[in-house]
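Colleague: generate a structure from the sequence data that follows.
(one chain, ligands or ions: 3)
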Amino acid sequence: MGSKYREIKLRRKKLMAQMEPNSIALLAAAPPRVRNSDAEYLYRQNSDFHYLTGFTEEKALLALIPGRKQGEVVLFCQQKDKAKELWHGTLMGPDVARKELEIDDAFPVDDMDDILPGLIEGRDRVYYSMGKDDRFDNQVMNWLKVIRSKAKIGAHPPGEFLMLDHLLHELRLIKSTNEIKLMQQAAKISAEGHKRAMAYCRPGIREYELEAELLHAFTRNGSRAPAYTSIVATGDNACILHYIENDSEVKAGDLVLIDAGCEYGHYASDITRTFPANGKFSPEQKAIYNIVLKAQLAAIEAIRPGVPWDEPHNISVKIITQGLVRLGIMNGRPSQLIKSEAYKDFYMHRIGHWIGMDVHDVGDYKIDDDWRLLEPGMVTTVEPGIYISPSNKKVPKKWRGIGVRIEDDVLITRNGNKVLSAGIPKTIQEIESFMAQTVH
Ligand code: GLY
Ligand code: MN
Ligand code: MN
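Modeller: Ligands and ions are numbered 1, 2, ... in the order given. I've put the predicted structure just below:
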C-alpha cells in the first residue's frame, strides 16, 4: 500500500466524518478543454478530485457515501479500451482503480447515469460544488429528476443540497508533511528557473528568452507545466500586474520583473524577483527596491501561528507608505495616506494568498467577519510591490515606470515560518554580485 494513497484515504475519512448524517458527496474529474478543432489543452485534474483520489484520468466521478454498507467510496471511471489506449495511453479501468486507489467500489463511467440515481436515492443531503461547471450541474439535476419520477413508487429524493467546498477546502488549507515536500520541490525547481533567467539576462534580448530559461528549468526537473502563465516584464511592463505578452526587448537601464513558478506533483509555487537588465541598479531603482524588500522581510518576520491573516499586509502597507513619503513620491502624513488609501496608487494588491494545489489556493481568509489566525501547515505567498505608473504626472519623472515586486512562498511552522522559495538572490548586493558573474 503506497503511502500516497494511504494519506488520500485518510483525507476521505476526515471529510466523511464531517458530513451530515445520511448524505452523499459527489466530485467530478476536470472536463478536458478544447484548444481548437480536436486539439486539447494539456489535461490537468481538478484539485479537489485529485486531493481525494490521486486519480489523474478524465471522465471520472467520486461518490462518498458515509455509512453505506456495500461501500462508502465509489469511483466511476473509463473502462479499459484497446483502441483508445493505443491513441491516448493506458487507462486504469475500474478493477485496477479499485485496488490501486484503495476504494470500495468502482464502475464504468458509461454506467453512471444508471447507477448514480440509486446511490443518491434515500440520502437526505447531497454535497457537491455547485455552480462551477454547467454540465455537471445539469447532470446532477438529471439524476434528481430520475429519482423524482419514481417518487410515486416510493423513491425518496434528497431534501437538501450543500456546498462541499467549505468542508473540503478547510482540509486542503492545512498541508501535510507529504504535501509540504512537494511544495518545497516545486519551489526549489522554480528557484533554479529564476536563477537561470537572472544569469542569462542581458540588454538586447527579448522577454520570451528569459521565459525560455524558466521553462527549461521547470521541464528539465519534472514539472509538466507552470502553475500559472509566467510574467516576464521589463521596464514599464512591470507596472502591468498581469503582463503576459513577454515579447518586448530588454533594455539596458530597465528593471526586469519575473513572476513565475512551476507546478510539481499537482502543487504550485509562485515566486517573483525583480532585477536590473544590465546587472546594476540605478539609484532610483535601488531606493524603490529597498522599500519593497524591507516590507517583504518585515512581513515574513511577523508570520507565525496566532497572527491574524492581515497583519503582514498591514506591516507592508506601513513600510511602503513611509518609504514613499520619505522619497517625496507621496506627500502627507503616512497615517493619513494609509487611512485614505492613497498608497493604493502604488501598491494596489494585497500582500499574498494561500498557495497549494492551486496557485491561488482554497480556504477562507476570514472566519465570520474577522481575519483568521495563521496556523501551522498553512502556506501563503508574501509579495509586496511598488508600481509607479509611467503616466503618473504627480510623480517626478525619474521615478516613473519603475515596478518592483518580491514574492516568496512561506510555510507557517509550529514556531514561526519557513521560506520555501529561499536561495534566489534577493538583496541588492546578492543580485548585483550574482549578475556580475554572468552578465556580459
Ligand atoms: N502570479 C500570480 C500571483 O502572484 O498571485
Ligand atoms: Mn506571483
Ligand atoms: Mn502570488
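
Colleague: test my guess that A225 contacts A186.
Modeller: No - A225 is beyond contact range of A186, at 11.4 Å (criterion: CB atoms under 8 Å). Bear in mind the C-beta positions are built from the backbone N, C-alpha and C, glycine included.

Colleague: what's the overlap in contacts for those two?
Modeller: 262-263 (CB atoms under 8 Å, 6 or more residues apart in numbering).

Colleague: if you count surrounding residues, which of the two has more?
Modeller: Set side by side, A225 and A186 show more neighbours around A186, with 29 against 15, by other CB atoms under 10 Å.

Colleague: which residues touch whichever residue of the stretch 1-150 of the chain sits closest to ligand 3?
Modeller: In the stretch 1-150 of the chain, the residue that lies nearest ligand 3 is S47 (16.4 Å; CB to the ion). Shown in contact with S47 (CB under 8 Å, 6+ apart): 172, 266, 356-358, 362.

Colleague: can you list the residues of the stretch 101-250 of the chain near ligand 1?
Modeller: Within the stretch 101-250 of the chain, the residues that sit near ligand 1 (CB under 6 Å from any ligand atom) are Y228.

Colleague: and the helices in the stretch 101-250 of the chain?
Modeller: Remark: helices assigned in the stretch 101-250 of the chain by DSSP state H, counting those that start in this stretch are 112-120, 134-149, 165-173, 177-200, 207-220.

Colleague: I'd assumed K398 was in contact with I329.
Modeller: No - counting by CB under 8 Å, I329 stays clear of K398, with 10.2 Å between them.

Colleague: more neighbours: those two, which one.
Modeller: With neighbours defined as other CB under 10 Å, I329 and K398 compare such that I329 has more, 21 against 11.

Colleague: show me what contacts that one?
Modeller: 346, 388, 395-396, 399.

Colleague: how far away is P226 from ligand 3?
Modeller: Using CB to the ion, to the nearest Å, one gets 13 Å for the distance from P226 to ligand 3.

Colleague: so how many other residues sit close to that residue?
Modeller: 22.

Colleague: cool, the one 3 residues further on as well?
Modeller: Other residues near T229 number 13, with proximity taken as other CB under 10 Å.

Colleague: which residue sits closest to it, ignoring its sequence neighbours?
Modeller: Leaving out its chain neighbours, the residue that sits closest to T229 by CB to CB, 6 or more residues apart in numbering is I244, at 4.7 Å.

Colleague: from R196, how far off is the one you found?
Modeller: Distance of I244 to R196, given as CB to CB, to the nearest Å: 19 Å.

Colleague: between those two, which one's more packed in?
Modeller: R196 (20 against 16).

Colleague: how close does the more buried one get to T438?
Modeller: Separation of R196 from T438 (CB to CB): 10 Å.

Colleague: verify the contact between P226 and G261 for me.
Modeller: Yes - contact criterion CB under 8 Å: P226 and G261 qualify, at 6.7 Å.

Colleague: report the buried residues of stretch 272-280.
Modeller: By neighbour count on 16 or more other CB atoms under 10 Å, the buried set for stretch 272-280 is 272-280.

Colleague: close to ligand 1, is that stretch?
Modeller: No - Stretch 272-280 stays clear of ligand 1 (CB under 6 Å from any ligand atom), getting no nearer than 6.5 Å.

Colleague: what's near enough to touch the residue sitting nearest the centre point of the chain?
Modeller: Nearest residue to the geometric centre of the chain (CA atoms, centre = their mean): V359, 1.1 Å. Shown in contact with V359 (CB under 8 Å, 6+ apart): 227-228, 261, 268, 270.

Colleague: burial measure for the nearest residue to E7 once chain neighbours are set aside, as a count.
Modeller: Nearest residue to E7 in three dimensions, chain neighbours excluded: N178, at 5.9 Å (CB to CB, 6+ apart). A count of nearby residues for N178, using other CB under 10 Å, gives 14.

Colleague: cool, and N36?
Modeller: Per other CB under 10 Å, the neighbour tally for N36 reads 6.

Colleague: look up the residues forming beta bridges with it.
Modeller: A39 (DSSP bridges).
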